[in-house]
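Student: model this:
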Amino acid sequence: MGIQTSLLAIIVAAFSTFALGALWYSPLLFGKLWVKAHGYTPDQLVAMRAGAARAYAVSWLCYAGMAVALAVLIDRLAISGATAAVELGLLCWAGFAATLGLGAQMFSDKRFPTFLIDAGFQLVYMVGMTLLLTLWR
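Tutor: Alright, predicted model coming up:
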């Protein structure tokens, strides 16, 4: 399973997604709303921060895995150009991320705004990652 996308593009795509997440879930964008929608207490936030390093490492590995999978799709489908990249990113988000997230949401005790915030992040990073990987080639 050879891919034409460079390893550097995959690493940059993963780090870019990680950086977007830091901004997305910061108080500058949706962090306060996300905390409120979850109903987290200050003590819960402190406990979450204590285990953040492991969560960040796993998140980055997940983004890297997603970048590899998208690179394979881009290569196998011969995706080229921004329009086709956006279409592929939207299709992957709608067909996988949004549907999996909504299904999980229905069986959780999370409030619906958490799904909207998370799904919005996934939409932006999947389209962005697909664009980056397509146009880097």
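
Student: Please, where are all the helices along this protein?
Tutor: According to DSSP state H, the chain carries its helices in the segments 7-24, 31-38, 42-50, 52-76, 82-92, 98-106, 112-136.

Student: quick one: the first one to chain centroid distance?
Tutor: Spelled out, it's helix 7-24. What separates the centre of helix 7-24 from the centre of its chain is 9 Å, taken as CA atoms, centre = their mean, to the nearest Å.

Student: what does the fourth one give?
Tutor: The chain centroid and the centroid of helix 52-76 are separated by 9 Å under CA atoms, centre = their mean.

Student: Check the last one too.
Tutor: Relative to its parent chain, helix 112-136 has a centroid offset of 5 Å by CA atoms, centre = their mean.

Student: How much space separates the spatially closest residue to Ala84 that is not a sequence neighbour from Leu90?
Tutor: By the measure of CB to CB, 6 or more residues apart in numbering, the closest residue to Ala84 outside its immediate chain neighbours is Thr134, 7.1 Å from it. In this view, the C-beta of every residue, glycine as well, is placed from N, C-alpha and C. Computed with CB to CB, to the nearest Å, the distance linking Thr134 and Leu90 is 13 Å.

Student: same check, this time on Ala57
Tutor: Taken as CB to CB, the span from Ala57 to Leu90 is 29 Å.

Student: who's more crowded, these two?
Tutor: It is Leu90, of Ala57 and Leu90, that has more neighbours when counted by other CB atoms under 10 Å, with 15 against 10.
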